[in-house]
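Chemist: got a sequence here, can you model it:
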Amino acid sequence: MRRAGFDGVLESELALPEGPGGCLALENALPIAPAGFRLFNVRVHRKAALSPSLIRITFFGDDVAHMRVGGPDQSIRILFPDPFGRAPDLPAGPDWLDAWRALPAQGRPPQRLFTLRALRRRSCEFDVDFHSPAELGPASTWARTASRGEALQVVAPARSRERDCGGYEWRPPRAPERLLLMADQSALPALTAILETLAVRAAPPPTEVFIEGPEGADRLELPSWRQQRVKWMARNGAPHGARLMESASCATLPPASAAVSVPAPEVDVDRTVLWERAARRDSGFYAWVAGEAGAVKEVRRVLVERGLDRCALTALGYWRRGRVLDPARA
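Modeler: Reported below is the predicted structural model:
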């Protein structure tokens, strides 16, 4: 499962469970089709390799002019050809998910969540960056062989919806004093989009960034500013998440406050999606960690044990090694 290879969740307007200290714990709130999202018919327009493990595909569709983005890490759901190679052809109305579930299991088009990397409504285009690992799933396999003109369907926010559609988790304080961002290659598209929104500010906050990738050649040019520190870490055969876990021990954190720090509850990342959002604040420190769920869980544990207030931490398990955790499959 992936977002640049990820099966996961989209936020809706459901009442979310509130954890200790006002933190929002989304592990059990996993809606599939949030209000304001709709089905779009698109085709492959362009394809480019960004690095040895990252492929950018540009999609086109007349209806894309009616798509919208709520946040830099906006999620969309992509439906891929079924196991027989047939392009998805679900009805465009609100019953698309019921129609999908009504299909024989062996004939359902696989669906995965991805970051909508860039939207250009005037030209009816949008970009999605696909992580292409050695372990191929339906999304990365399709991305490697996709050709111009191939048809797909996506579920994305619609402009007709006046209220916020959700489906994004980058929600820092209005005036953050310091930021910490940590990601593996699956979360790199979202991380890059977040850095782009920060870089255009008149005075971006001090920001520390840690990125783990398969090899050094996966390093990309990122938006930067004076008070930013970026560290790229190649696994080079090390276990997935090892470099991020090491970095969690040396990341710059605010002074610990025992009065507000709450232990991180245990999450079984083999059974549920680790998806926790920091509490909304006006200012202060904010940490955003995304990637393979097992690594994110360990990074979260280390940061909290070092004294980081859980309510200042957003922890997102984009995918789980060897597992598919997607409520759409239920």
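Chemist: in the stretch 1-150 of the chain, where is pLDDT below threshold?
Modeler: Residue ranges of the stretch 1-150 of the chain with pLDDT under 70: 1-33, 133-136.
Chemist: please repeat the previous calculation with a cut-off of 50.
Modeler: Applying pLDDT under 50 to the stretch 1-150 of the chain picks out residues 1-31.
Chemist: how about the stretch 201-330 of the chain?
Modeler: Across the stretch 201-330 of the chain, the ranges flagged by pLDDT under 50 are 258-259, 327-330.
Chemist: ok, now with 70
Modeler: When residues are selected by pLDDT under 70, those of the stretch 201-330 of the chain lie in 257-264, 269-270, 321-330.
Chemist: I'd guessed residue 299 sits against residue 182; true?
Modeler: Yes. Between residue 299 and residue 182 there is a contact under CB atoms under 8 Å: 6.1 Å. C-beta here means a position set from N, CA and C on the backbone, and glycine is covered the same way.
Chemist: of the two, which one has the most company?
Modeler: Per other CB atoms under 10 Å, whichever of residue 299 and residue 182 has more neighbours is residue 182, with 29 against 26.
Chemist: my guess is that one is in a helix, correct?
Modeler: No. Read with DSSP: H, G, I helix; E, B strand; the rest coil, residue 182 is strand and lies in no helix.
Chemist: what sits against it?
Modeler: Neighbouring residues of residue 182 by CB atoms under 8 Å, 6 or more residues apart in numbering: 209-211, 244, 247-248, 251, 287-291, 299.
Chemist: can we see that at 7 Å?
Modeler: If a contact means CB atoms under 7 Å, 6 or more residues apart in numbering, then residue 182 has 210, 244, 247, 289, 299 as its contacts.
Chemist: could I get those residues as JSON lines with distance to residue 152 and secondary structure?
Modeler: Listed next are these as JSON lines, based on distance: CB to CB, whole Å; DSSP: H, G, I helix; E, B strand; the rest coil:
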{"residue": "210", "distance to residue 152": "33", "secondary structure": "strand"}
{"residue": "244", "distance to residue 152": "31", "secondary structure": "helix"}
{"residue": "247", "distance to residue 152": "36", "secondary structure": "helix"}
{"residue": "289", "distance to residue 152": "30", "secondary structure": "strand"}
{"residue": "299", "distance to residue 152": "33", "secondary structure": "helix"}
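Chemist: helix or strand: which one has the closest residue to residue 278 other than its chain neighbours?
Modeler: Ranked by CB to CB, 6 or more residues apart in numbering and with sequence neighbours excluded, the top spatial neighbour of residue 278 is residue 314, at 4.7 Å. Taking DSSP states H and E as the criterion, residue 314 maps to strand 313-319.
Chemist: please apply the same query to residue 209.
Modeler: Assigned by DSSP H and E, residue 209 belongs to strand 207-213.
Chemist: strand partners of the helix or strand following that strand, parallel vs antiparallel please.
Modeler: Using DSSP H and E, the next helix or strand after strand 207-213 towards the C-terminus is strand 228-234. Sheet pairing for strand 228-234, assigned by DSSP bridges, gives strand 207-213 (parallel).
Chemist: and the partner strand, how far from the chain's centre?
Modeler: Computed by CA atoms, centre = their mean, to the nearest Å, the chain-centroid distance of strand 207-213 equals 15 Å.
Chemist: likewise for stretch 117-128?
Modeler: Relative to its parent chain, stretch 117-128 has a centroid offset of 17 Å by CA atoms, centre = their mean.
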